[in-house]
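*Asks:* After the sequence you'll find the predicted model.
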Amino acid sequence: MPIVAQSTETTDWVSRFADEVVAESERRAPGKPVVVASGLSPSGPIHLGNLREVMTPHLVADEIRRRGHRARHLISWDDYDRYRKVPAGVAGVDESWAEHIGKPLTSVPAPKGSPHPNWAEHFKAAMVDSLAEMGVEFDGISQTAQYTSGVYREQILHAMRHRRDIDAILDQYRTRKAPAKKSQKPADEAELEAAEGSGAAAEDDGGSGAAGYFPYKPYCGNCEKDLTTVTAYDDDSTELTYACTACGFSETVRLSEFNRGKLVWKVDWPMRWAYEGVVFEPSGVDHSSPGSSFQVGGQIVGIFGGEQPIGPMYAFVGISGMAKMSSSKGGVPTPADALRIMEPQLLRWLYARRRPNQSFKIAFDQEIQRLYDEWDRLDAKVADGSVLPADAAAHARAVGTAAGELPRTPRPLPYRTLASVADITAGHEDQALRILGELDPADPIASLAQARPRYDKAEAWINTHVPADQRTVVRQEPDAELLKSLDEPSRQSLRLLLDGLADHWSLDGLTHHVYGVPKVQAGFPADATPKELPPEIKSAQRTFFALLYHLLVGRDTGPRLPTLLLAVGQERVRTLLGE
């Protein structure tokens, strides 16, 4: 099987795949556009694990376009799949939707209140919007449209004529017991759901019945469900008889004219590889184990005159902060959820910097601040030319595509600073602008537009993912009792801070000043480095910081103190610290 070996080198994985895909495409279809593919089932919210199914071929196709070659990225919307279960946590959906189990996804009503005509279009629309924001260019193919318009008619008839050959291939795996998988154990039930693929891997393969094996399943002409069994088929006339076990309906149709059914998954997928000329398509772990769809499809595709694509297996995408989300939402986060709290460049980078066989996590908790710090450091290295080649490649793939750069924040201030400002100001834009304007007095921002969309993403994170008991509420009045109880060293530390407040009123200035107070109080210069200081200075700094947090916000911790001081404002800081 033409599966690319997953190198452990630190070179850019996208370029290595592109090299092989271009060469393979020239061998198979010289002079034609390179075809890469993804498949998504809009059976419910399309989550961030599914996004890897799209981003892996997207990045490869984009690299191919950057080199001047033509490339098509096909996304097959598996909207003619059966509706399997009622997903948890979907607004406007209750157990009454269970009556639609077995119907095509495009025949199931959309959730209540949706503007879309059916279930599949509802969930497809959210993904399309997210891909547009991320700069992902693709050609979408509705499998409902393909099957119901008769596009695959010849392929279906061909599969029925060769059903014994297909059955012989499938039979090699039916009695095999797959070896135990070595994989990461997802952290909770919601993460297990995130690790699953579309669900198609679990479909039956059209196993043999009393009338023999048939790789085709009609949808019932009465109840629309796929709980049907083919009881007879004639190759010459293409007459097919089926019976529905759900409602008892049966009929005889001419398959050469009938468009209400589909090939079973393990035959459908390789049929499409051959029909579309796919050269590269990744697959999740649910499609890649021994005897599963990708492996079996590599043999069945030859029946349709095609070849198996180059197909790396992609690993699990985890979520940092999943437990909080799953308890409140009842499901796993989608690309739209991620894009509400992070810019598309950051989300693209998370997928671009890791090889497909490497798992990684997307942060919805405090870890997002560290990720943004890492991203900003990379941005700075790219700007000054000190970046390593593989990191430079991942950065370039994150900030734009062959079509150009994605829109970006004009003044990308630190995410953690923006989050703190949004937290403290609680939606008051004039206050937010005042604070942000004081971060760098030498070059103040003139409007919030300069900090957007990053500011909006940070504000959304604060409002949707930080628990209420962790939000920052600045004291209205000084804590007179605490101020009265302070010993002389504590009072001295507050005086040192207040005396230098005006001269250090900027983000960098306050950072230097706040960390410097305990040093000066101990008899060292404010700019002394950690190597020049005894270990007890760190303890003194922690004690001093805790005192400030208590006096300003009534807690042991809070936003970074320089940001908090700017947010509170000089006059109010002086009042709360007892001046």
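*Replies:* Received it, and whenever you're ready, just let me know what you need. Numbering: from 1, shown residues only.
*Asks:* State the number of residues packed around residue 108.
*Replies:* Each residue near residue 108 was counted by other CB atoms under 10 Å, and the total is 23. C-beta: built from backbone N, CA, C; applies to glycine.
*Asks:* That one touches residue 100, doesn't it?
*Replies:* Yes: contact criterion CB atoms under 8 Å: residue 108 and residue 100 qualify, at 4.4 Å.
*Asks:* which residues are common contacts for the two?
*Replies:* Both residue 108 and residue 100 are contacted by 83, 119, under the criterion CB atoms under 8 Å, 6 or more residues apart in numbering.
*Asks:* State the next helix or strand along the chain beyond the helix or strand hosting residue 549.
*Replies:* In this structure, residue 549 is located in helix 536-553 according to DSSP states H and E. Sequence order places helix 561-568 as the next helix or strand after helix 536-553, per DSSP H and E.
*Asks:* Check what contacts the helix or strand following that next one and list those residues.
*Replies:* Using DSSP H and E, the next helix or strand after helix 561-568 towards the C-terminus is helix 570-576. Contacting residues not belonging to helix 570-576 are listed as 474, 475, 478, 479, 498, 501, 502, 505, 551, 552, 565, 568 [CB under 8 Å, 6+ apart].
*Asks:* for helix 570-576, the distance to its chain's centre please.
*Replies:* 43 Å (CA atoms, centre = their mean, to the nearest Å).
*Asks:* what's the answer for stretch 34-49, then?
*Replies:* Taking CA atoms, centre = their mean, one finds the center of stretch 34-49 at 11 Å from the center of the full chain.
*Asks:* Report the rounded mean pLDDT for it.
*Replies:* When pLDDT is averaged over stretch 34-49, the result is 94.
*Asks:* just stretch 228-235 next, same as before
*Replies:* 96.
*Asks:* And stretch 518-530, by the same measure?
*Replies:* Mean predicted confidence for stretch 518-530 is 90.
*Asks:* any residues touching that stretch, and which ones?
*Replies:* By CB under 8 Å, 6+ apart, the residues outside stretch 518-530 that reach it are 489, 492-493, 496, 512-513, 516-517, 532-534, 536-538, 540-541, 543-544.
*Asks:* distance between the ends of it?
*Replies:* 12 Å (CA to CA, to the nearest Å).
*Asks:* quick one: buried residues of it?
*Replies:* 518, 519, 520, 521, 524 (16 or more other CB atoms under 10 Å).
*Asks:* Show me the residues you listed that map onto helices.
*Replies:* Members of the buried residues of stretch 518-530 lying in helices (criterion: DSSP state H): 518, 519, 520, 521.
*Asks:* Mind putting these into a markdown table with distance to residue 301?
*Replies:* Shown next, in a markdown table, are these (distance: CB to CB, whole Å):
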| residue | distance to residue 301 |
| --- | --- |
| 518 | 69 |
| 519 | 69 |
| 520 | 74 |
| 521 | 74 |
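*Asks:* Nearest to residue 95 among those residues?
*Replies:* Checking these against residue 95 by CB to CB gives residue 518 as the nearest, at 60.6 Å.
*Asks:* so who does the closest residue to the closest one other than its chain neighbours touch?
*Replies:* By the measure of CB to CB, 6 or more residues apart in numbering, the closest residue to residue 518 outside its immediate chain neighbours is residue 540, 4.1 Å from it. Contact partners of residue 540, counting by CB under 8 Å, 6+ apart, are 518, 521, 522.
*Asks:* Roughly how far does the last one sit from residue 537?
*Replies:* Relative to residue 537, residue 522 is positioned 6 Å away (criterion: CB to CB, to the nearest Å).
*Asks:* and for these two, which residues touch both?
*Replies:* Here residue 522 and residue 537 have no joint contacts, going by CB under 8 Å, 6+ apart.
*Asks:* buried sites along stretch 548-566?
*Replies:* Neighbour-count burial for stretch 548-566 flags 548-553, 558-566 (criterion: 16+ other CB under 10 Å).
*Asks:* out of those, what pair is the most spread apart?
*Replies:* Pairwise distances across those peak at 18.9 Å for 550 and 566 (criterion: CB to CB).
*Asks:* relative to helix 561-568, how tilted is the helix holding residue 549?
*Replies:* Per axes from the mean of the first three to the mean of the last three CA atoms, to 10 degrees, the angle that helix 536-553 makes with helix 561-568 is 20 degrees.
*Asks:* Now do the buried residues in stretch 162-171.
*Replies:* Neighbour counts using 16+ other CB under 10 Å place 162, 163, 166, 167, 169, 170 of stretch 162-171 among the buried residues.
*Asks:* do the same with stretch 501-518
*Replies:* Buried residues in stretch 501-518, defined by neighbour count with 16+ other CB under 10 Å: 501, 504-507, 509-511, 513-518.
*Asks:* would you list those residues in TSV and tack on secondary structure and distance to residue 272?
*Replies:* Compiled in TSV, those are given as follows (DSSP: H, G, I helix; E, B strand; the rest coil; distance: CB to CB, whole Å):
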residue	secondary structure	distance to residue 272
501	coil	67
504	helix	64
505	coil	63
506	coil	59
507	helix	55
509	helix	62
510	helix	60
511	helix	57
513	helix	64
514	helix	61
515	helix	60
516	helix	65
517	helix	67
518	helix	66
